[in-house]
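Q: coords below, sequence missing:
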DNA sequence: CATTTTACATAGCTTGACTATGCAAAAGGC
DNA sequence: GCCTTTTGCATAGTCAAGCTATGTAAAATG
């Protein structure tokens, strides 16, 4: 059952609604851990490799001062370290530490365990469908940031 | 390409990561409108029909005082009205107003327009895949709230 | 009828989000 | 080489969303 391209807007609208619900559920289920912003940041950093604070802010789609604060928290936890950027004395490179990556994995494990009951009984076909959609969306999100104007 | 059920945890983990990214993107792209919490609440209310404050809090997965505040904002905007609950003098029923539903639709339209460039070029097969995944997840989220203990 | 539970408002706190501003390094222009 | 502009990020301040704790009144229970 293929969809025509003029159904894309409606599908995207529903996708965002579902995503909002999922993130809220995830946040509530892992309430005792660090905040979603912390995990989201650590995840972006792990994926991007060593990056500047401003770059990480852009990747995470938050303002630079927001990221300054988040990084401060992450450095305090020992999950992120600052490395001098040899190319620019104003800047440092941020990198996830080993314990940072371990903490991220632990959160992920805890989260999955908590949401699993809600998805029990999915058959392989359904799992594949979700995996595929996730892949498509992931790819689009990792693309260079689109502007609303003609590039 | 079906997946086996033991891949469900990993798929769910990725699903949450992608959802976090999407909600952040949506929030940033509709920065000038009301907050995501407002829209999420209005959306839940529209879907659930007239409901009590505590019930709406549970549906939205936030604490009751959080919902009290959100509802206060929504009532101020004229997007939600309080209706006496004939069955219980302590409680009121909350219902979305027509202008509330209109505002929600306007937000949705604006959001879709803003994220569309990021998803341009998806072919009907991909759109169908996302739509299907969204449906599966939506259904699971609408199910009675699972507990981590045996019900 | 007294006690307990329920429903929600209020109080207070923390954190994530933003814009504005300041300081210093780097880049650009003359 | 020097001055101006841009860049990178820290700091300051504000607001809202999230939470727990508490209070009041209605409803349910024993």
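A: Yes, it's here. What you see is a predicted model, and the numbers here were worked out from it, not measured in a lab. Numbering: from 1, shown residues only, chains lettered A, B, ... in the order given.

Q: is any residue of the longest helix along chain A near DNA strand C?
A: As assigned by DSSP state H, the longest helix anywhere in chain A is helix A:8-29. No - for helix A:8-29, no contact with DNA strand C is found by CB under 7 Å from any atom of the strand; the gap never falls below 9.9 Å. C-beta here means a position set from N, CA and C on the backbone, and glycine is covered the same way.

Q: name the next helix or strand downstream of that helix, please.
A: Using DSSP states H and E, the helix or strand that follows helix A:8-29 in sequence is helix A:36-48.

Q: average pLDDT across that next one?
A: What helix A:36-48 shows for mean pLDDT is 93.

Q: can you give me the buried ones in that helix?
A: Neighbour-count burial for helix A:36-48, counted by 16 or more other CB atoms under 10 Å in any protein chain shown, picks out A:36-45, A:48.

Q: starting at the chain centroid, how far to it?
A: On the basis of CA atoms, centre = their mean, to the nearest Å, helix A:36-48 sits 6 Å off its chain's mean C-alpha point.

Q: any idea which element the closest residue to chain B within chain A lies in?
A: Per CB to the nearest CB, residue A:133 is where chain A lies closest to chain B, at 3.4 Å. Assigned by DSSP H and E, residue A:133 belongs to helix A:124-142.

Q: packing partners of that helix?
A: Where contact means 3 or more CB pairs under 8 Å, 6 or more residues apart in numbering or on different chains; DSSP states H and E, helix A:124-142 is packed against helix B:8-29, helix B:124-142.

Q: before we move on, back to that, so which of the buried residues of helix A:36-48 are also by chain B?
A: The overlap between those and the neighbours of chain B (CB under 8 Å from any CB of the partner chain) comes to A:36, A:39-40, A:43.

Q: residues near the residue of chain A closest to chain B, how many?
A: Neighbourhood size, residue A:133 [other CB atoms under 10 Å in any protein chain shown]: 26.

Q: show the contacting residues for the residue nearest to residue A:141 when sequence neighbours are not counted.
A: Leaving aside its sequence neighbours, residue A:141 sits nearest to residue B:21 (CB to CB, 6 or more residues apart in numbering or on different chains; 5.2 Å). With contact taken as CB atoms under 8 Å, 6 or more residues apart in numbering or on different chains, residue B:21 is in contact with A:40, A:61, A:141.

Q: can you pull the residues of chain A lying near DNA strand C?
A: Residues of chain A lying near DNA strand C (CB under 7 Å from any atom of the strand): A:34-35, A:37-38, A:61-66, A:69-70, A:73, A:88-90.
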